[in-house]
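Novice: Let me see the structure of the following:
(one chain, ligands or ions: 1)
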Amino acid sequence: MSADRARLFRVGRIAVLAIVITYFLLPYGVRSWFPVWLLFLLALGLEVDFFVGGWLRTKRPAPASDAPDRGPQQRDLSELGSWSYWDPSEPTPPIAVEPTFRWHHVAEAVAAIAIVASLLYLASRPSGWNAVSSQRQAQTEAILSREASTIANHPATVTCDKKGDYVGFVQDADGLAEVGGNQAFLTPSICNTLYQLAVKHRVQSFSQTARAIAVLGHESWHLRGVGNEGLANCYGFQSGVQIGQNLGLSKSRARAMMQEQLATNASDSGTNSQYRVPSDCRVR
Ligand SMILES: [Zn+2]
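Specialist: Prediction:
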């Protein structure tokens, strides 16, 4: 196995590792489109190619060695460094056949496969809402349905859309509700943030929690019959102060969160001016 070849495959390993790390850092929505086993196959294929290819090379008849110069080869010189090692009276030792199998190559391959496998295992492990037990998921949906029903003024069901059929990455929406209807959908990410707050009493991040509460408020106002997106946002922020408290926040924290949502509403809406709240909207 030539040194060049080993070096080439080392570059290959680093490239595969870079691809896997990039994959690991991608948002879950993008990751779920790409099968994990394909990446593992890529890493495995590289190692199989390395060892099987190396083995096949040794099976090939070695080129007839023509040794016109019995003196030191250039490579020997660079390795040994000096002519003083070479005594012309001594017979030239036979050119050592490079060993085809080296333990450090195996160690490197095993390490590469192990790193790729553990990264992919971590990446494919259920996380966020998918890691929440079905019992806790049902408990969370019941809590959110209760909040939505209170605002809607009629019984309503909040469902966390795990499959992304109604909301999420593909639909580019965090929530969905029929105006005046009794069914709302939230993304797993919004559900997870609200679960962390209501059940685990954790605020993952101020802005993320604020956003999740605002989305629940917004969809609840749709269920109540408000079709205007800007108004649903304004009423959602206002109701969010109570929702936040019902889910375990202090009044001042819940209010600060909704005021932050109101303050960033214009920039959050971007070019979607229909989501802008009326200019006289206030959160108290
Ligand atoms: Zn809406």
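
Novice: where do the helices sit along this structure?
Specialist: 3-25, 28-31, 36-59, 74-80, 103-124, 134-152, 188-198, 206-224, 229-246, 251-263, 265-269 (DSSP state H).

Novice: Just list the residues touching the residue nearest to Asp161 when sequence neighbours are not counted, thanks.
Specialist: Counting by Cβ to Cβ, 6 or more residues apart in numbering, Phe185 is the residue found nearest to Asp161 once chain neighbours are left out, at 4.4 Å. In short, each C-beta sits where N, CA and C put it, glycine included. Contacts for Phe185 (Cβ atoms under 8 Å, 6 or more residues apart in numbering) come out as Val158, Thr159, Cys160, Asp161, Tyr166, Val167, Gly175, Leu176, Ala177, Glu219.

Novice: Touching, the first one and Ala138? I think so.
Specialist: No - applying Cβ atoms under 8 Å as the test, Val158 and Ala138 come out as separate, 11.5 Å apart.

Novice: Neighbour count for these two, which is higher?
Specialist: Val158 (27 against 12; other Cβ atoms under 10 Å).

Novice: how far away is that one from Arg224?
Specialist: Distance of Val158 to Arg224, computed by Cβ to Cβ, to the nearest Å: 14 Å.

Novice: Look up the residues that both of those two are in contact with.
Specialist: Counting by Cβ under 8 Å, 6+ apart, Val158 and Arg224 have no common neighbour.

Novice: Which of the helices of the chain sits closest to Asp280?
Specialist: Judged by Cβ to Cβ, the one of the helices of the chain that comes nearest to Asp280 is helix 229-246, at 9.0 Å.

Novice: between that closest one and helix 251-263, how many degrees?
Specialist: 160 degrees (axes from the mean of the first three to the mean of the last three Cα atoms, to 10 degrees).

Novice: what about helix 229-246, distance to the chain center?
Specialist: Mean C-alpha position of helix 229-246 versus that of the full chain (Cα atoms, centre = their mean, to the nearest Å) differs by 31 Å.

Novice: which helices and strands does it pack with?
Specialist: Packed against helix 229-246, as judged by 3 or more Cβ pairs under 8 Å, 6 or more residues apart in numbering; DSSP states H and E, are the following elements: helix 134-152, helix 206-224, helix 251-263.

Novice: go again using 10 Å as the cut-off
Specialist: Here helix 229-246 touches helix 134-152, helix 188-198, helix 206-224, helix 251-263, helix 265-269, going by 3 or more Cβ pairs under 10 Å, 6 or more residues apart in numbering; DSSP states H and E.

Novice: mind listing what's buried in that helix?
Specialist: 229-230, 232-244 (16 or more other Cβ atoms under 10 Å).

Novice: can you check stretch 132-145 too?
Specialist: Buried residues in stretch 132-145 (16+ other Cβ under 10 Å): Val132, Gln137, Thr140, Glu141, Ile143, Leu144, Ser145.

Novice: same question, stretch 118-129
Specialist: Buried residues in stretch 118-129 (16+ other Cβ under 10 Å): Leu119, Leu120, Ala123, Ser124, Trp129.

Novice: same deal with stretch 215-222?
Specialist: Val215, Leu216, Gly217, His218, Glu219, Ser220, Trp221, His222.

Novice: Adding distance to Leu56 and pLDDT, write these out as a markdown table.
Specialist: As requested, the buried residues of stretch 215-222 are exported to a markdown table (distance: Cβ to Cβ, whole Å; pLDDT from 0 to 100):
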| residue | distance to Leu56 | pLDDT |
| --- | --- | --- |
| Val215 | 59 | 96 |
| Leu216 | 62 | 97 |
| Gly217 | 66 | 97 |
| His218 | 63 | 96 |
| Glu219 | 62 | 96 |
| Ser220 | 67 | 97 |
| Trp221 | 69 | 97 |
| His222 | 65 | 96 |
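
Novice: JSON lines for the residues you listed, including distance to Arg31?
Specialist: Formatted as JSON lines, the buried residues of stretch 215-222 follow (distance: Cβ to Cβ, whole Å):
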{"residue": "Val215", "distance to Arg31": "23"}
{"residue": "Leu216", "distance to Arg31": "26"}
{"residue": "Gly217", "distance to Arg31": "30"}
{"residue": "His218", "distance to Arg31": "28"}
{"residue": "Glu219", "distance to Arg31": "26"}
{"residue": "Ser220", "distance to Arg31": "31"}
{"residue": "Trp221", "distance to Arg31": "33"}
{"residue": "His222", "distance to Arg31": "30"}
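
Novice: Tell me the one among the residues you listed nearest to Arg57.
Specialist: Val215 (60.3 Å).
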